[in-house]
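*Asks:* quick one: sequence plus predicted model below, questions after.
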Amino acid sequence: MALMRRVGMSVVFVIILFGLALNFWNRREPIAVDYHTYVAAARVGVDHGFSQIYNQSLVAIEQMKLVGDQVAQPFLSPPTVAWMVTPLLALPYWVSYYVWELLTLVALLAALWWASTSRGMARWIGVAGALFPWWTIHSLHVGQVVPWVAVAIVVAWRLLREKREIATGLVLCGVLLKPNTAFLAPLVVLAAGYRKAFAASAVGGAVIGAVALLSLGFTGTGDYISQVTGPLPAGADNVTLEGAFGVSGMTALALRVLIVVAALFTAYRLRRWPAVVLGAGAVGSLLVTPYIHASDLCVFAVAAWMIWEEHPLPSWRVPIGIGWFIAGPFVALTWFEPTLRQWPLLELALFVPLVAIALLPRLGEYLARSPALTGEADLRTQGPA
């Protein structure tokens, strides 16, 4: 029996690796299209001062200088992203991109490996499985910064399990690289009773905000605020509530308020499960943000992975595994692939059951008693009161 199990897990691992190879091969966007914009903004900052990084005319000129045939995009990321890529300006552009992509991949793999609760082949399957949805490799192809947000959430989960609250809060400041993808993470941590973690994230965020204000000045800050609160780029709402359900106005606002309240309530009721706490915050953030792209869903992938690791039970893992398969490259190469506007439905397929478990404690107790696949997790660990 043990031999059959090992063989079966090895076969699953090989299939996942094959799927990852397909993801690398099946590129959906021009390579480095987002990194291209980050570098252009960083060059504007170095040459003209960081107060000018939201001068989109200057950014567009720098993008043309870097790669003439690459699509030019407005730079709408926080200034922290431009700071982050500035050291890479010393390298030739394409060399710097591959260094960025490699560093991002290594950081994500290292975070997943370090935070994993599985051992042996199960650990390899879990880490590779977190990369299996096409969004994650897609985010690497375009040079997105959002995998670093995913790294922050995964590392914070490990630190939260170890009750290292100050370190957790400081790591969660990584959310500020792309706040719209996980802005609820510090709030759900507070709702779960980790007050020191929230305080550390608030202090760290205040320091970063103060430095950003000094860097941008009143001109740059005003430009940033006016641009992120103005009309969004075309296609920015495809993976939002508006895109999925066609809602708008007060209806969309009411749904967003409901989701935020549900995420906070779930974090409070299920505070003994740190992965559920952070997962509810991450998925809730993705559901309520009005500005998101497919690459940002790699945060959703690691949220599901954390819950997979924390709850090695068929009642939890089978639905997550089905979701990974739907988001994987095999379905992506068929006519059955969901459209961009349908991916929020998959997010809800994870979020709604978490809320249901928070509302129905007996359901959570039943799922926790289900026979474990690995027998490695202790679901009775108490969180803060």
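*Replies:* Noted; the coordinates are in hand. Being a predicted model, the structure only gives us computed values, none of them experimental.

*Asks:* kindly check the end-to-end length of stretch 56-74 for me.
*Replies:* Length of stretch 56-74, first residue to last, C-alpha to C-alpha, to the nearest Å: 6 Å.

*Asks:* in it, what's buried?
*Replies:* For stretch 56-74, burial by neighbour count (16 or more other C-beta atoms under 10 Å) applies to Gln56, Leu58, Val59, Ala60, Glu62, Gln63, Leu66, Val67, Gln70, Ala72, Gln73. Heads up, the C-betas are built off the backbone N, CA and C, glycines and all.

*Asks:* what about those residues, which are in helices?
*Replies:* Among those, the ones falling in helices (DSSP state H) are Gln56, Leu58, Val59, Ala60, Glu62, Gln63, Leu66.

*Asks:* quick check: which of the residues you listed has the minimum pLDDT.
*Replies:* Within the set of those, pLDDT is lowest for Leu66 (90).

*Asks:* nearest spatial neighbour of that one, skipping sequence neighbours?
*Replies:* Tyr93 (5.3 Å; C-beta to C-beta, 6 or more residues apart in numbering).

*Asks:* kindly provide the distance from the one you found to Gln56.
*Replies:* Counting by C-beta to C-beta, to the nearest Å, the gap between Tyr93 and Gln56 amounts to 20 Å.

*Asks:* same deal with Ile125?
*Replies:* 44 Å.

*Asks:* Thr219 now?
*Replies:* From Thr219 over to Gln56 (counting by C-beta to C-beta), the distance is 14 Å.

*Asks:* how many neighbours does Thr334 have?
*Replies:* With neighbours defined by other C-beta atoms under 10 Å, the count for Thr334 comes to 7.

*Asks:* over to it. Which of the three states is it?
*Replies:* coil (DSSP: H, G, I helix; E, B strand; the rest coil).

*Asks:* Val175 against Ala185, yeah?
*Replies:* Yes - the pair Val175 / Ala185 is scored as a contact, 5.5 Å apart, by C-beta atoms under 8 Å.

*Asks:* any shared contact partners between the two?
*Replies:* Ile153 (C-beta atoms under 8 Å, 6 or more residues apart in numbering).

*Asks:* returning to what we had before: from the ones in helices among the buried residues of stretch 56-74, which is closest to Ile326?
*Replies:* Gln63 (34.9 Å; C-beta to C-beta).

*Asks:* quick one: Val33 and Asp69 touch, right?
*Replies:* No - using C-beta under 8 Å, Val33 is not in contact with Asp69, being 11.4 Å away.

*Asks:* contacts for the host helix or strand of Tyr98?
*Replies:* According to DSSP states H and E, Tyr98 maps onto helix 93-115. Residues external to helix 93-115 that are found in contact with it (C-beta under 8 Å, 6+ apart): 31-32, 35-36, 39, 66-67, 85, 88-89, 91, 123, 126-127, 130-131, 136, 140-141, 143, 147-148, 150-151, 154-155, 157-158, 302, 305-306, 309.

*Asks:* 7 Å instead, please
*Replies:* Helix 93-115 has contacts (C-beta atoms under 7 Å, 6 or more residues apart in numbering) with 32, 35, 39, 66, 85, 88, 91, 127, 130, 140, 143, 147-148, 150-151, 154-155, 157-158, 305.

*Asks:* among the residues you listed, which ones are buried?
*Replies:* 32, 35, 39, 66, 85, 88, 127, 130, 140, 143, 147-148, 150-151, 154-155, 157-158, 305.

*Asks:* can you list the weak-confidence ranges in the stretch 1-150 of the chain?
*Replies:* 1, 28 (pLDDT under 70).

*Asks:* which stretches of it form helices?
*Replies:* 2-25, 33-48, 56-66, 79-85, 93-115, 121-131, 134-141, 146-161 (DSSP state H, counting those that start in this stretch).

*Asks:* would JSON lines of those helices with distance to Thr334 be doable?
*Replies:* Listed next are the helices of the stretch 1-150 of the chain as JSON lines, based on distance: least, C-beta to C-beta, whole Å:
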{"stretch": "helix 2-25", "distance to Thr334": "12"}
{"stretch": "helix 33-48", "distance to Thr334": "25"}
{"stretch": "helix 56-66", "distance to Thr334": "35"}
{"stretch": "helix 79-85", "distance to Thr334": "35"}
{"stretch": "helix 93-115", "distance to Thr334": "27"}
{"stretch": "helix 121-131", "distance to Thr334": "20"}
{"stretch": "helix 134-141", "distance to Thr334": "12"}
{"stretch": "helix 146-161", "distance to Thr334": "26"}
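
*Asks:* of all the ones you listed, which lies closest to Leu241?
*Replies:* helix 134-141 (18.1 Å).

*Asks:* what angle do the closest one and helix 146-161 make?
*Replies:* Counting by axes from the mean of the first three to the mean of the last three C-alpha atoms, to 10 degrees, helix 134-141 lies at 120 degrees to helix 146-161.

*Asks:* understood, closing this out.
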